[in-house]
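> Build the 3D model from these lines:
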Amino acid sequence: MAAPRKDNVKELIIETTEDLLRSKKLSDISLSEIARSAGISKGTLYYHYKTKTDILFDITDKYLDRQYHDLVEWTGDASKDTSVHRLVKYILERDISTAGMRLHLFYDAMLGNETIREKLLDRYREFAGVISEKIGERTDRVPPDYFAWLLLLLSDGLFIHQKLGNGELDPARFIQQTEQFIQEEFL
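This next block holds a predicted model:
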């Protein structure tokens, strides 16, 4: 394997760690394993990241920044139907599609990683704020802050049940029914 260019070593480390996290818990992955899997030396890894938590922070930022940016961009696109029912569908579909990495974050936060916990809570506040703003722009029939948190809680519950393999719940159908319910209530 050719040596990675310096400007994309962090990206390589993040992608390698993401690949490893698809089949293992963060606590079961060593920095040595990450370096070996990325094809870099441990020294190179330590130059960029001192701990696995630092890598997890960058993974967290990558996913949450993308979700936040995509939501703002989508809701600002005048060529799209971004009415309340479509907004609900968009948020729920996007949130459950990125559940895998968030489960690692929840796991670490619940096991006492205070820094991860605070980072997640900060991001929830950011998302609730932008969702509340977008809901407020589209309707006055429901308190925007309440509805934003309801959507975030609903999306977390959906992806947990999806990961549990709950045969009683089809997330795609549930999202479709929710969109239809919201459409009927808000139009």
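> which parts of stretch 108-123 are buried?
By neighbour count with 16 or more other CB atoms under 10 Å, stretch 108-123 contains the buried residues 108-109, 113, 116-117, 119-120, 123. C-betas here are computed from N, CA, C, even on glycine.
> Can you point out the buried residues in the least confident helix or strand in the chain by mean pLDDT?
Across the helices and strands of the chain, mean pLDDT, DSSP states H and E gives its lowest value to helix 99-110, namely a mean of 79. Within helix 99-110, the residues that count as buried by 16+ other CB under 10 Å are 99, 101-102, 104-106, 108-109.
> contacting residues around that helix?
18, 21-22, 25-26, 53, 56, 59-60, 63, 116-117, 119-120, 159-160, 162-163 (CB atoms under 8 Å, 6 or more residues apart in numbering).
> what residues does whatever helix or strand comes next after that helix touch?
On the C-terminal side of helix 99-110, the closest following helix or strand by DSSP states H and E is helix 114-138. For helix 114-138, the external contacting residues (CB under 8 Å, 6+ apart) are 53, 56-57, 60, 64, 67-68, 71-72, 75, 82-84, 87, 91, 105-106, 108-110, 142, 144-145, 147-149, 151-152.
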